[in-house]
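# What shape does this take:
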Amino acid sequence: MANIYDLYKTMESNKVMLSFKGRVTSDLLMSVLQIMETKLVAEDESPKIRKKIYNVLVECLQNLYHHIDKDKEVKSEVIDEQSAIFMIAKDGTQYSIMTGNYMHNSDVDKLESKLKLINSMDKDELKQYYKTVLADGQRSDKGTAGLGMIDIARKSGQKLEYHFLPIDNDSTFFSLNVKIA
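Next up is the predicted model:
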């Protein structure tokens with residue numbers, strides 16, 4: 001039982017407002033968005049900041065919902081096809097939206113290249129890149145156009161922090177931290 005208190009203290013010291021680990025569903029997405037809207041109003045955040053956080057949160061949660069590998073087997077554990085983790089924290093005036101999920105090792109280089117490209121661009125370059133990708137109209141095998149990370153960077157106005165942790169010969173755990181001020 002002491003571990004629960006240790007977890008509580010860790011979350012409190014890291015200013016975690018909301019956290020979740022498990023299966024990401026469309027119903028969960030709607031609930032999280034409603035909870036965060038209520039929390040942001042309670043925090044007396046300006047409508048501009050609330051909108052920015054809400055928009056980035058939508059994109060981050062949609063990425064989790066659409067881009068999680070199906071029934072990954074990792075270190076003798078079967079990971080639910082839509083199991084992920086996300087947390088929202090506030091430190092001073094800055095919010096962090098943190099997500100994590102498993103992905104195939106074969107997809108790491110492509111995502112990392114895209115993230116490096118996005119992080120190398122300024123505001124105007126991101127806007128143009130977004131328009132270019134949108135005009136291209138190609139859809140991924142997941143049914144998305146690949147605009148999510150670009151949109152997250154544009155709406156947050158910050159560089160994306162990310163990490164790839166190799167788990168085994170097939171799997172990597174991808175972590176993303178988006179800061180919003």
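# Please make it C-alpha for all contacts and neighbour counts, starting now.
Will do.
# so where do the helices sit in the chain?
2-13, 26-42, 47-66, 108-119, 123-136, 148-156 (DSSP state H).
# Show me the shaky parts of the chain.
Applying pLDDT under 70 to the chain picks out residues 68-82, 137-145.
# Which residue lies nearest the spatial centre of it?
In the chain, the residue lying closest to the centroid (Cα atoms, centre = their mean) is C60, at 3.6 Å.
# surely that one meets S96?
No: C60 lies out of contact with S96 (Cα atoms under 8 Å); the separation is 11.4 Å.
# For the residue nearest to F164 when sequence neighbours are not counted, give me its contacts.
Nearest non-adjacent residue to F164, counting by Cα to Cα, 6 or more residues apart in numbering: F174, 4.8 Å away. F174 is in contact with G100, N101, Y102, M103, Y162, H163, F164, L165, counting by Cα atoms under 8 Å, 6 or more residues apart in numbering.
# For the buried ones among those, write the corresponding ChimeraX selection.
Per 16 or more other Cα atoms under 10 Å, the buried members of those correspond to this ChimeraX selection:
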select :100,101,102,103,162,164
